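Student: Sharing a sequence plus its predicted fold:
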Amino acid sequence: MTGPILRRRDNGATELRVNGVFVMDDRETSSERRLARAVIDLGARDILVGGLGLGFTVRELLAASDVRRVLVAELHPEIVGWMRDGTIPGADLLADPRVEVVLDDVRRVVADQAPGSHDAIVLDVDNGPDFLVHDANAEVYGPSFVAVCAERLRPGGHLCVWSMARSSTLRAGLEATFDLVDEARVPVRLQGRDEHYWILTGSRPRRVGAGD
Ligand SMILES: C[S@@+](CC[C@H](N)C(=O)[O-])C[C@H]1O[C@@H](n2cnc3c(N)ncnc32)[C@H](O)[C@@H]1O
């Protein structure tokens, strides 16, 4: 496994590669921000994010004043270091009192959470289940980890997963665990072409109280 690297393009864009794999740039970030909006619009206030990247999802979450807490799991300390020292923008995100960054694998960070402790878990650690940056990340999309995520969510909570391509396997995995599964097609503009990415969401039912 090799660490992350930043590449500055001639046009001024910054590109992030992890383990030799292109994961994103700072030019087309609408789907990363849409990932945050998806859970904000569903009412999430306490959110666990897998993958800091260039910080666009976290920034969008923090722009919502009613978001109370954002716990970020990031595997690579270099990325947090670059944000802290200004190599990439985001020192303000790390300084926000609502943010805590844990430098560890998202699988361990989620497993360490108390049952029913988050309104949403947002996963963007690869280019999707079929385009991994680390082979071990295959587990992130498997039924056992999806079930662990579901258990760490409050009733009515949501697991949201970013994917470059539609994944029937991930959808089936979410459907095996969650009562409600939604698949949103997100239009993006890539090198002058209209393309789209995907956000899959599994939602736990709200607890129905006595007398409801
Ligand atoms: C595509 S980027 C995240 C983009 C982010 N949504 C944004 O808005 O900038 C993926 C990030 O996940 C991190 N990552 C990869 N595998 C991970 C894992 N198993 N646990 C935690 N972070 C991981 C990478 O180092 C990288 O920072």
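Tutor: Looks like it came in fine.
Student: Run through the strands of this structure in chain order.
Tutor: 4-8, 14-18, 21-25, 46-50, 69-74, 99-103, 118-123, 153-163, 180-190, 193-203 (DSSP state E).
Student: Help me see whether the last one makes contact with the ligand, please.
Tutor: No: residues of strand 193-203 are not located near the ligand by CB under 6 Å from any ligand atom, the shortest gap being 10.9 Å. In short, each C-beta sits where N, CA and C put it, glycine included.
Student: quick one: average pLDDT of that strand?
Tutor: In this model, strand 193-203 has a mean pLDDT of 96.
Student: sorry, back to before: and residue 173, which of the strands of the chain is closest to it?
Tutor: Shortest distance between residue 173 and those, using CB to CB, is found for strand 193-203: 8.7 Å.
Student: And that closest one, what's buried?
Tutor: 197, 198, 199, 200, 201, 202, 203 (16 or more other CB atoms under 10 Å).
Student: list the contacts for the first one?
Tutor: Taking CB atoms under 8 Å, 6 or more residues apart in numbering as the contact definition, residue 197 lies against 31, 162, 163, 164, 185, 186, 188.
Student: what do you get for the fourth one?
Tutor: Taking CB under 8 Å, 6+ apart, we find residue 200 in contact with 160, 161, 163, 167, 170, 171, 174, 181, 182, 183, 184.
Student: what sits against the first one?
Tutor: Applying CB under 8 Å, 6+ apart to residue 160 gives the contacts 35, 38, 39, 120, 121, 122, 123, 199, 200, 201.
Student: Who are the contact partners of residue 141?
Tutor: By CB under 8 Å, 6+ apart, the contact set of residue 141 is 129, 161, 167, 169, 170, 173.
Student: any idea how far the first one is from residue 23?
Tutor: Remark: distance between residue 129 and residue 23 (CB to CB, to the nearest Å) = 14 Å.
Student: Kindly report the same for the fifth one.
Tutor: Distance check for residue 170 against residue 23: by CB to CB, it reads 18 Å.
Student: Looking at the two, which one has more neighbours?
Tutor: More neighbours surround residue 170 than the other of residue 170 and residue 23, with 24 against 20 (other CB atoms under 10 Å).
Student: ok now do that one, which residues does it touch?
Tutor: By CB under 8 Å, 6+ apart, the contact list for residue 170 reads 128, 129, 141, 161, 163, 200.
Student: packing partners for the longest helix seen in the chain?
Tutor: If you go by DSSP state H, the chain has its longest helix at helix 30-41. If contacts are counted by 3 or more CB pairs under 8 Å, 6 or more residues apart in numbering; DSSP states H and E, helix 30-41 sits against helix 56-62, strand 118-123, strand 153-163, strand 180-190, strand 193-203.
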